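K.L.:
Got a predicted structure plus its sequence, pasted below:
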Amino acid sequence: MATGRTHRPATRSRGIPEATVARLPLYLRALTALSERSVPTVSSEELAAAAGVNSAKLRKDFSYLGSYGTRGVGYDVEYLVYQISRELGLTQDWPVVIVGIGNLGAALANYGGFASRGFRVAALIDADPAMAGKPVAGIAVQHTDELEKIINDNGVSIGVIATPAGAAQQVCDRLVSYGVTSILNFAPTVLSVPEGVDVRKVDLSIELQILAFHEQRKAGEEASSQDAAQPVAPPVRPAPAAGTEDGHDDSDRKGPDGDVPAVMPA
């Protein structure tokens with residue numbers, strides 16, 4: 001298996017749209033689950049449902065990979081796992097550095113999904129001298145002064161930033177200056193990078209705010225439907241005033257010959 005910066009995925013040169021690239025990991029996750037259950041083939045409808053997309057979009061995405069499936073049979077699961085893994089560059093080892101070993105950085109270091117998907121945590125970096133040498137997930141934390149050497153020695157091209165927002169840009173600049181060309185940013189800030197450097201941002205607070213918006217909208221729709229379901233009471237007509245038949249004073253009535261007298265002649 002190749003390592004480090006010896007190869008970069010050819011998705012852009014092959015003309016695969018970014019939206020398709022973003023969905024490939026979803027397909028791979030679903031296919032990996034099928035593979036673990038020893039499922040040999042899968043239809044586009046079944047795979048699309050497992051990945052959370054529609055089947056027409058899935059077939060279009062796979063056409064970029066040159067994979068069209070077999071009519072009446074579907075897609076070969078193992079072949080698709082290999083094909084997508086190769087396209088994503090996961091058939092090689094990718095060393096990664098995580099910078100910022102607070103609660104989030106430590107949680108990322110302990111995440112077991114990196115290694116199973118071809119990503120090796122090469123180093124954990126923190127600016128706090130008191131953190132240097134402390135083991136996290138079986139790896140000794142190193143000071144940021146060692147960053148350049150670590151990147152060069154391990155051929156690192158992917159960096160993960162888990163620092164506070166105020167330190168993120170400076171860390172980003174250092175990573176880029178040392179040769180890192182892909183950054184996964186967990187800091188709640190927008191990073192500025194030169195052309196040729198890819199940044200993916202993960203902001204949990206933004207995702208929660210989006211969910212809060214949808215919850216508020218659902219609550220408003222529910223309240224509106226409840227209001228619409230309430231029966232509307234008819235208007236209450238006031239009772240006629242005393243001395244009248246229908247609430248109108250008889251003295252105001254007009255007859256065919258003029259005013260109606262109060263007392264009719266005998």
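P.N.:
Looks like it came in fine. Residues are numbered from 1 along each chain as shown.

K.L.:
quick one: the strands in the stretch 1-150 of the chain?
P.N.:
Assigned by DSSP state E, counting those that start in this stretch, the strands in the stretch 1-150 of the chain fall at 41-42, 75-76, 94-99, 119-126, 135-136, 139-143.

K.L.:
For the chain, just list every one of the helices.
P.N.:
Counting by DSSP state H, residue ranges of the helices within the chain are 18-36, 44-51, 55-64, 77-88, 103-109, 113-116, 147-154, 165-177, 204-229.

K.L.:
wait, which of these is closest to A127?
P.N.:
Comparing the helices of the chain by their distance to A127 (Cβ to Cβ), the top pick is helix 165-177, with 7.1 Å. For the C-beta atoms, the positions are set from N, CA and C on the backbone; glycine is no exception.

K.L.:
residues of that closest one that come out buried?
P.N.:
Buried positions in helix 165-177, judged by neighbour count with 16 or more other Cβ atoms under 10 Å: 167-169, 171-172, 174-176.

K.L.:
which of those lies closest to G102?
P.N.:
Checking the buried residues of helix 165-177 against G102 with Cβ to Cβ, the nearest one is A167 at 10.8 Å.

K.L.:
mind putting the helices of the chain in JSON lines, mean pLDDT and distance to M131 included?
P.N.:
Supplementary listing: these in JSON lines, determined by pLDDT from 0 to 100; distance: least, Cβ to Cβ, whole Å:
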{"stretch": "helix 18-36", "mean pLDDT": "95", "distance to M131": "31"}
{"stretch": "helix 44-51", "mean pLDDT": "95", "distance to M131": "39"}
{"stretch": "helix 55-64", "mean pLDDT": "93", "distance to M131": "42"}
{"stretch": "helix 77-88", "mean pLDDT": "93", "distance to M131": "32"}
{"stretch": "helix 103-109", "mean pLDDT": "96", "distance to M131": "10"}
{"stretch": "helix 113-116", "mean pLDDT": "84", "distance to M131": "20"}
{"stretch": "helix 147-154", "mean pLDDT": "96", "distance to M131": "14"}
{"stretch": "helix 165-177", "mean pLDDT": "97", "distance to M131": "14"}
{"stretch": "helix 204-229", "mean pLDDT": "86", "distance to M131": "23"}
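
K.L.:
To I125, which of those lies closest?
P.N.:
For the helices of the chain, the distance to I125 is smallest for helix 147-154, at 5.8 Å, taking Cβ to Cβ.

K.L.:
Tell me which other helices or strands the closest one touches.
P.N.:
Under the contact definition 3 or more Cβ pairs under 8 Å, 6 or more residues apart in numbering; DSSP states H and E, helix 147-154 sits against strand 94-99, strand 119-126, helix 165-177.

K.L.:
Within its sheet, name the partner strands of the second one and how each one runs.
P.N.:
Sheet pairing for strand 119-126, assigned by DSSP bridges, gives strand 94-99 (parallel), strand 139-143 (parallel).

K.L.:
so how far does stretch 126-136 reach from one end to the other?
P.N.:
In stretch 126-136, first residue to last residue: 12 Å (Cα to Cα, to the nearest Å).

K.L.:
could you give the mean pLDDT of it?
P.N.:
What stretch 126-136 shows for mean pLDDT is 97.

K.L.:
List the contacts of that stretch.
P.N.:
Stretch 126-136 is contacted by residues 99-101, 105-106, 109-110, 124, 140-144, 163, 167 when judged by Cβ atoms under 8 Å, 6 or more residues apart in numbering.
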